[in-house]
Every structure is written in structure tokens, then in C-alpha cells.
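Q: sequence and predicted structure below; questions after.
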Amino acid sequence: MTDFIQQLNEKQRKAVLYNEGPSLVIAGAGSGKTKVITFKVAFLLKNGVSPSNILALTFTNKAAREMKVRIAEIVGEDITQNLWIGTFHSIFSKILRKEAEKIGFCSDFVIYDAQDSKNLIKTIIKDKILDNNLYKPSFVQSIISKAKNNLITSKKYLNNIFLQERVAQMKDIYISDIYLTYSNRCKISNAMDFDDLLLYTYLLFSKKNGVVQKYWDQFQFILIDEYQDINYAQHEIIKKLAEKYRRICVVGDDAQSIYSFRGANLSNILNFREVYPDSKLFKLEQNYRSTQIIVNAANSLISKNKEQIPKVVFSKKIIGEKIKLFSAYFDYEEGNIVTNRIVEMCLFGKYEYRDFAILYRTNAQSRIFEEALRKVNIPYRIYGSISFYQRKEIKDIIAYMRLISNPTDEEAIKRVINCPNRRIGNITVNKIITAANSHNTNLWEIISNPFFFNLKINSTTAFKLKKFCLLIKRFIEKASVQSAYDVGKMVIEETGLINEFDKDKTPENVSRIQNIKELINSLHTFSQIKSENKMISGVKISDFLAEISLLTDQDIDEKENDNFIKIMTIHASKGLEFKNVFVVGLEENLFPSELSKKTPQEIEEERRLLYVAITRARENVILTYVKTRFQNGQFHCMSPSRFIKDIDEQYLSSPLNFSCNSRFKIFKNKKYTIY
DNA sequence: ACTAATAACATTTTT
DNA sequence: TGTTATTAGT
């Protein structure tokens, strides 16, 4: 019955079989940590645990989906339907929708993305006539976000000393004020931001009305992946959830914690055994991914960090090639080195384009490789620059849908009220916002009854507002009887959004139209899948919105037979693996980043980042750095990253120094080419 | 209310 | 350098 357990090695098996109490699985890179969670869930199911009593939390939707598929392969698809597998945010948003009225929300609240919340903060700062140089929206946003991730509500903000970079008292008072208004405005708009999903879940579970108790019995087994990237709020929520049964299993690798800037706190995994003194510790140390040299080199690098759980990661695969180190004089040369290596390595048919990844510290570095690869006609794909759902045309249409499902949505109103151009400008919108503020209500209320709220507008503006209002109202009416797909099509047709792009067919506009069609397609497939599952005919817009608001670019699946080079940031590469990895731009002030070298902790995180990059590779790692780089409009002299010296020399080989042996031809326009 | 021009700004970002 | 946000002018 549990034959599948034999596929695990001894340590993995022990970790899977222990389910009596809390356990911590420290899993080195490539040691099969996701496999442990997958098999543990399958094992529990095979032993009669009901799927609805298992909660498995991941950090990406993709990871959750893959896990579900792999569990289904073992136990069958029908059983996995009732499993609670998902990201923290998606699982908690489901719970919050169910319990919405307990915390003063409607169950169809919208989720503000980073852009929405930044816009709202910006308008609040403007409303309060604060100096927006002292109160930069992004700065205030990060403070509010940090507060929320530390479970500090707007009401408690002033009484808490929680940030190291605590600002002067006077500034704090205003930030507290902005925070209060922000929370209030979100609530009026029936909206939550990403951090709210955690904060409100915590507040919900803290209520003494038996809500947590219900979920104690619901989630008797709790499994968490990537535990090293958990923040304080997530940690506390889990603590509450696991209070009764204490059957919690967390899996992670302290050496791969690279999201501290988003509130991830390494101490959560380091101190796990203090929170759960009776917990069992399992260490997975055999790496099944990389060659011995890669594993050893990565070990030698990470051993320079102080904060870590001791472990010895090893590989039993072949010894493999040494890590190669290339340098160049100019940044575009780096592109040529990489493309030349790729061409060389593909020559004998040993590798294809899909076997390569180029990893860098910052998105801005992508251009060099894009240009170099395009020059020689090698197919590539850049990951994670602009997400599909971040595109203007897509956000506009989604904003209409948001408005239909929840007309109080302030950010959606601001986005679509003059899009396409209805000649309702900033002045009118600002009047509406001011009126909404002074009456403590939402924008929609004002737009529906401008005269009741004594809005000072002339008759033509009033007419335009009325027209807009009626349009939305008609949409809402139709949405109550039609499916999400039909409503989406109707929005595009009746607002005339697509016509603007149809007028002049610039390449940008053509791709915009394509994107919109893509969105309609996804609406269609979504409606089909949902109605097959639930046997209902009409799939509501709010269902679709709930699904996509937590989706990211990372979640778009690859087609198997696509053959191209993958280019992305190291952050985006986490959890993936490639045969050959180029880690580029290994220079001081770029990697480690100039802004992340103030404290030893920051340097250690950057070092972990390189550790992650190197351990993505199965067969070859190639490191590059350049001596001059064109950045922010000027040339910078760069020196090699300190991390290069952190890798034990015996695993490194610097073949011929490419640039020293090459010649340059200098053109008038200061562009250099190698020949 | 729209546009064109200028100023400001530039990490990483699983949700 | 390239993008994005604000501002001044129409």
C-alpha cells in the first residue's frame, strides 16, 4: 500500500514517516525537500487522513500546483480535490472571504496589488498636503508593509517601537496618520492589500469567538515549504493554527533565505526548535542535482556565513567540471562571452539552448544579453520583467471587472473613470475624492448621487458622470445573469477600449490587442474548468478576480518543447534547475549590491543569493565579471566581487582571460567590437 | 483637460 | 541610460 515510500532515501523516509508532533526538515539545495512534503501528504492520505484535514502551504502558486499534481500521481486525482494546498496568501484569502463579516468586510473584497496601494498612499499624502519629498509614497508604503508584517495595526502604530530605521517622532506621527487613513480607505473600498491578507487572518484568529478552534480541527496536519522565507506575521498565524494538534512540519534551507527585504526572517527557522522544544530535526544532506565540484564550491562559499544551521551537503554524482571564471573590459563583452560559450557548448550536440540559464542580480542587466543573443539569432526568454497582469491594457479591463464585482473599489474607479477618455479629468476626480473623504464614504456613492453630496460640478460634467455611472450599473446588472466570459467580452466591446489600439497599428498596439485577446481566452478556459468542476453554469466575475489577483508571471507554465535560453534574476530562479548556469555581473556594488552592504547580515544574504545561483546548476557553472559597466547613464569602474574569493580556489578555473587576448576596434561612436 | 517638455529616479519583489 | 512623474503651456 505504501510502496511509493521506497522511492525515498533513508533520511527522507524518516522525515516522511514522522507525524506525531512538530518537525523541522533542513534540506540542502537539490536534496528533494519538495519531494518530502509531497510524499508526506500522500502518506497521510494513504493512511486514512481526510484530505480536508491537511493544509500545505507554499510560496508560489506554481509550486502548489506542481505539488498537487505529484500527489495526484500517487493517490489519485479525486482525493486531491479536497486538499488545502496553496500559497499563504491564497489560502488565507479563502478563509477571509468565508469569515469576512467577522472583521468588517464583504466576502467579495478586492485585493489591491502593490501598484494600487502605492497609488492610494500617494493620493492620501496629497490630500493631507504633506511634503512628498519627505513622505515618498514608496517609503511610506514600505513602512506600512513592515508594520503589517510585524502585526502592528494602524491603531497601534504609534505605541510600538518596531523598526530599526525608526524615523523621528514628528515624522512618525504623520506616517501613523497616513497609515490610519490608508486602512480606513481600504476598508471603505472593501479592499485588502497583500499584507492585509496576513494581518487580518491573524486578527481573525486572535478573536475570542471560536474561529481559531474551528480551524484547529480543520487543519490537523500542517506542512510548510520554504520555511526560511517566512515572515513574523506568517509565523504567528501558523503558531496559532498549530496550537492544538502541534502536527506541524516545516521544510526549508537556511542557506537559501533571500527574501529578507520582504520581511522574511531567518530567525524563524533558526529558532523553530525553541518555539517547539519537542520538535524532531531531520537533515537532508545528499544533493541529487549537481556535480560534486558544484556542491563543494557552493559549500565553500556559504561556509563564510556565520548565521546558519550546520550541515554537510554532499553529492554522489560525478566530480564534474570546474567552475569557470571569465572577465571582460566592457559590459557588452560579457554578453559576447556568454553567447560564445553557449555556441561552443552546443557545437557537439551535447547541449541545446534549453539547457542554459543566465542569472543576474538586477533586471537592468538583461539588456546586454538580449542584444548579444539577438545578434546571433539564439532564441531566449526573459522572465519576470513585466507580468502579464501588470500590463496597462490588462489592468484596465480587470479594473472594470473589479468595479462590476465591487463598485466601491476606489483604485478601480480612478483607473477607469477616464479610460477610454470620457473627458472626466483630474479636477473632477479630486472633487469626488474630497467629497468621499468628508462624508466618510466611497467614491461610487458620490458618483451615484453627486447632487446629494453637494458636488460642485457643472452640468456637462454631471452628465458625463451620469453616463459613466449608468454604464457601470448596466454592467453590474448583466453580470448578475451572465458568465464572467460574457461580461468580459461585453466590457471590451461597450467601453471601446480595443478601438483605440485598432486605429493605428503600431507594433505595441498589435501586442496590446493580442494581450486583451489572451485575457478573454483565459476567461473562457477559466469559466469552462470551473463549470466542469462545480457543475454550475454561470461562473461569476468575482471568482475569476479572486483567482487572478494572486497570480504572477511565475505561474505561467512552459511548453515542453520550447527550446530557448532562460534569462532571469537569481530571485526568480529559486526552486528551478538548469544544466548550465551563467552567473553574470559578479562585481562589487552590483553583487553584492551597493545598497545591501551596510550590515554583515545584508552581506550574508547576498552571499546566500550567490549560493542559490550556483546550486541551480546540474553540470556547469560559469561566472563572469566586467571592469567597466555603463550604469544609470555613466561609466563605472568595477572591481571583482568579494564573493569570488569566497569560493575555494581548487574548484575554480579561469581559462584564457578572454578580454586580455582579444583586440578592439574603436569606432567614432565609442562602440567597441571584438574581432 | 490635454499635450509636450522637463525633472527626477534608478535593487532584489514568491503574494 | 531609459523610464516615469510632474509641470507648464495651450
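A: Alright, I've got the coordinates.
Q: so where's the stretch 551-675 of chain A uncertain?
A: Judged by pLDDT under 70, the stretch 551-675 of chain A has its weakly predicted residues at A:552-561, A:655-675.
Q: tell me where it has helices.
A: A:570-573, A:600-614, A:642-646, A:658-661 (DSSP state H, counting those that start in this stretch).
Q: just send these back as TSV, with mean neighbour count and distance to A:Glu500 too.
A: Just so you know, the C-beta spots here come from the backbone N, C-alpha and C atoms, and that holds for glycine as well. Rendered in TSV, the data for the helices of the stretch 551-675 of chain A read as follows (neighbours: other Cβ atoms under 10 Å; distance: least, Cβ to Cβ, whole Å):
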stretch	mean neighbour count	distance to A:Glu500
helix A:570-573	21	32
helix A:600-614	22	42
helix A:642-646	18	49
helix A:658-661	14	49
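Q: and the ones you listed: which comes nearest DNA strand C?
A: The closest of the helices of the stretch 551-675 of chain A to DNA strand C is helix A:570-573. By Cβ to the nearest atom of the strand, the value is 18.8 Å.
Q: tell me the contacts of the closest residue to DNA strand C within the stretch 501-650 of chain A?
A: With Cβ to the nearest atom of the strand as the measure, A:Gly633 is the residue of the stretch 501-650 of chain A nearest to DNA strand C, at 2.4 Å. If a contact means Cβ atoms under 8 Å, 6 or more residues apart in numbering, then A:Gly633 has no contacts.
Q: just A:Tyr174 next, same as before
A: By Cβ under 8 Å, 6+ apart, the residues touching A:Tyr174 are A:Lys128, A:Leu130, A:Tyr135.
Q: was I right to think the last one contacts A:Ser176?
A: In other words, A:Tyr135. No. Using Cβ atoms under 8 Å as the test, A:Tyr135 is too far from A:Ser176 to be in contact (11.9 Å).
Q: what pLDDT does the closest residue to A:Asn160 other than its chain neighbours get?
A: Of all residues not flanking A:Asn160 in the chain, A:Ile152 sits nearest, at 5.0 Å (Cβ to Cβ, 6 or more residues apart in numbering). Listed pLDDT for A:Ile152 reads 90.
Q: please enumerate the strands of the stretch 551-675 of chain A.
A: Assigned by DSSP state E, counting those that start in this stretch, the stretch 551-675 of chain A shows strands spanning A:565-569, A:578-583, A:617-631, A:634-637, A:652-653, A:664-666, A:672-674.
Q: reformat these as a markdown table; add mean neighbour count.
A: Listed next are the strands of the stretch 551-675 of chain A as a markdown table, based on neighbours: other Cβ atoms under 10 Å:
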| stretch | mean neighbour count |
| --- | --- |
| strand A:565-569 | 23 |
| strand A:578-583 | 24 |
| strand A:617-631 | 22 |
| strand A:634-637 | 10 |
| strand A:652-653 | 15 |
| strand A:664-666 | 10 |
| strand A:672-674 | 15 |
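Q: quick one: closest of those strands to DNA strand B.
A: strand A:565-569 (3.6 Å).
Q: which strands and helices lie in contact with the closest one?
A: Contacts defined by 3 or more Cβ pairs under 8 Å, 6 or more residues apart in numbering; DSSP states H and E place strand A:565-569 against strand A:356-360, helix A:366-375, strand A:380-382.
Q: most tightly surrounded among those?
A: Stretch with highest mean neighbour count among those: strand A:356-360 (a mean of 26; mean count of other Cβ atoms under 10 Å).
Q: kindly state which of the helices of the stretch 551-675 of chain A is positioned closest to A:Ser303.
A: A:Ser303 lies closest to helix A:642-646 among these, at 8.4 Å (Cβ to Cβ).
Q: run the chain-centre distance for stretch A:515-535.
A: Relative to the centre of its chain, stretch A:515-535 is centred 23 Å away, using Cα atoms, centre = their mean, to the nearest Å.
Q: next one: stretch A:325-343
A: For stretch A:325-343, the distance to the chain centre is 30 Å (Cα atoms, centre = their mean).
Q: any chance you could list what contacts that stretch?
A: For stretch A:325-343, contacts defined as Cβ under 8 Å, 6+ apart pick out A:353, A:356, A:358, A:368-369, A:371-373, A:375-376, A:378, A:565, A:582, A:584-585, A:622-630, A:640, A:644, A:652-655, A:657-659, A:664, A:672, A:674.
Q: so is it next to DNA strand B?
A: No. Judged by Cβ under 7 Å from any atom of the strand, stretch A:325-343 stays clear of DNA strand B, getting no closer than 14.9 Å.
Q: what comes up buried for that stretch?
A: A:325-339, A:341-342 (16 or more other Cβ atoms under 10 Å).
Q: is it true that A:Ala617 touches A:Leu576?
A: No. Using Cβ under 8 Å, A:Ala617 makes no contact with A:Leu576, being 10.6 Å away.
Q: how about the CA coordinates for stretch A:133-150, as PDB?
A: Only the C-alpha atoms of stretch A:133-150 are listed here, as PDB (Å, rounded to 0.1, in the frame of the first residue of the first chain):
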ATOM      1  CA  ASN A 133       9.800  64.600  -0.700                       C
ATOM      2  CA  LEU A 134       9.700  63.800   3.000                       C
ATOM      3  CA  TYR A 135       6.900  61.300   2.600                       C
ATOM      4  CA  LYS A 136       7.800  59.400  -0.600                       C
ATOM      5  CA  PRO A 137       4.900  57.000  -1.400                       C
ATOM      6  CA  SER A 138       7.200  54.100  -1.800                       C
ATOM      7  CA  PHE A 139       8.900  54.800   1.500                       C
ATOM      8  CA  VAL A 140       5.600  55.200   3.400                       C
ATOM      9  CA  GLN A 141       4.400  52.000   1.700                       C
ATOM     10  CA  SER A 142       7.400  50.000   2.900                       C
ATOM     11  CA  ILE A 143       6.900  51.300   6.400                       C
ATOM     12  CA  ILE A 144       3.200  50.300   6.400                       C
ATOM     13  CA  SER A 145       4.100  47.000   4.900                       C
ATOM     14  CA  LYS A 146       6.700  46.300   7.500                       C
ATOM     15  CA  ALA A 147       4.300  47.300  10.300                       C
ATOM     16  CA  LYS A 148       1.700  44.900   8.900                       C
ATOM     17  CA  ASN A 149       4.200  42.100   8.600                       C
ATOM     18  CA  ASN A 150       5.000  42.700  12.300                       C
END
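Q: is that stretch positioned near DNA strand B?
A: Yes. With Cβ under 7 Å from any atom of the strand as the measure, stretch A:133-150 is seen reaching DNA strand B through A:Asn133, A:Lys136.
Q: so which bits of stretch A:441-459 are buried?
A: A:Asn442, A:Leu443, A:Trp444, A:Glu445, A:Ile446, A:Ile447, A:Ser448, A:Pro450, A:Phe453, A:Leu455, A:Ile457.
Q: again, but for stretch A:173-190
A: A:174-183, A:185-190.
Q: and which of these is nearest to DNA strand C?
A: Nearest to DNA strand C among the buried residues of stretch A:173-190, with distances taken as Cβ to the nearest atom of the strand, is A:Ile178, at 15.0 Å.
Q: quickly find the element holding that closest one.
A: Assigned by DSSP states H and E, A:Ile178 falls within helix A:169-188.
Q: what about that helix, average pLDDT?
A: Mean predicted lDDT for helix A:169-188 stands at 84.
Q: next structured bit after that helix?
A: The helix or strand immediately downstream of helix A:169-188 is strand A:191-193, counting by DSSP H and E.
Q: DNA strand C is nearest to which of the helices and strands packed on strand A:565-569?
A: Closest approach to DNA strand C among these (Cβ to the nearest atom of the strand): helix A:366-375, 7.5 Å.
Q: what distance separates that closest one from the centre of its chain?
A: 25 Å.
Q: quick one: it to strand A:356-360, angle?
A: 150 degrees (axes from the mean of the first three to the mean of the last three Cα atoms, to 10 degrees).
Q: mean confidence score for helix A:366-375?
A: On average, helix A:366-375 scores 88.
Q: same check on stretch A:409-421?
A: So the average pLDDT for stretch A:409-421 ends up being 84.
Q: is DNA strand C contacted by it?
A: No. Against DNA strand C, stretch A:409-421 shows no contacts by Cβ under 7 Å from any atom of the strand, the least distance being 12.6 Å.
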